[in-house]
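>>> below are the sequence and a predicted model for it; my questions follow.
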Amino acid sequence: MLGLFIKLLSLAFILYCVAASFPKKRMQSAGIHFLDVLIEKTATGFITSTHGHRKPTHTGLYSKWPSFVLLHRKRSLVNSLLRRAYDIASSHQLVHTEFLNIKRMLSRNGYSNNFWTVAFSNS
């Protein structure tokens, strides 16, 4: 039992040393990225807004419209993106901005404007 504890302690120490040796990236804003959500706060620590966050490596690639994915799966994709934007954003302006981003990404994937309008009106 004591041997296992010493092994775990030494592993934790090694991981700590490795993590400390990597350069830390400074945050450009006063926000925290957590589970694809950007939480912005004031200097005193009060949360001012929350909205969706995408990493710089996000390509915006979803199921292409001409693919052989079933239609109800395409509807579910659009509905889940809209629901996520609505649930995460803390203001009407942020929801609107996120909806425009979703519409732009879907149009890049070949989704028609009519499909977007129907999905938006149903959600």
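Here it is on my side, so go on. Residues are numbered from 1 along each chain as shown.
>>> okay, the closest residue to Val69 other than its chain neighbours: pLDDT?
Closest residue to Val69 apart from its sequence neighbours, by CB to CB, 6 or more residues apart in numbering: Ser63 at 4.6 Å. The way it works is simple: take the backbone N, C-alpha and C, and place the C-beta from them, glycine included. In this prediction, Ser63 carries a pLDDT score of 88.
>>> so Ser63: helix, strand or coil?
Under DSSP: H, G, I helix; E, B strand; the rest coil, the three-state class of Ser63 is coil.
>>> check contacts around it.
Residues in contact with Ser63 (CB atoms under 8 Å, 6 or more residues apart in numbering) are Val69, Arg73, Lys74, Leu77, Asn109.
>>> which residue ranges of this protein form strands?
Assigned by DSSP state E, the chain shows strands spanning 31-34, 37-41, 47-52.
>>> what would those strands look like in TSV with mean pLDDT, distance to Phe99 and mean neighbour count?
Formatted as TSV, the strands of the chain follow (pLDDT from 0 to 100; distance: least, CB to CB, whole Å; neighbours: other CB atoms under 10 Å):
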stretch	mean pLDDT	distance to Phe99	mean neighbour count
strand 31-34	67	21	14
strand 37-41	75	16	16
strand 47-52	74	11	16
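>>> which of these sits closest to His92?
Shortest distance between His92 and those, using CB to CB, is found for strand 47-52: 11.5 Å.
>>> quick one on the thing from earlier: pick the one among the contacts of Ser63 closest to His58.
Asn109 (13.3 Å).
>>> what's the closest one sitting at in phi/psi?
Backbone torsions for Asn109, taken as degrees, to the nearest 10, come to phi -90, psi 10.
>>> quick one: mean pLDDT over stretch 97-109.
pLDDT averaged over stretch 97-109 gives 90.
>>> residues in contact with that stretch?
Outside stretch 97-109, the residues within contact range by CB under 8 Å, 6+ apart are 51-52, 60-65, 78, 81-82, 85, 88-89, 113, 115-116, 120.
>>> list buried residues within those.
His51, Gly52, Tyr62, Ser63, Val78, Leu81, Leu82, Ala85, Ile88, Ala89, Phe115, Trp116 (16 or more other CB atoms under 10 Å).
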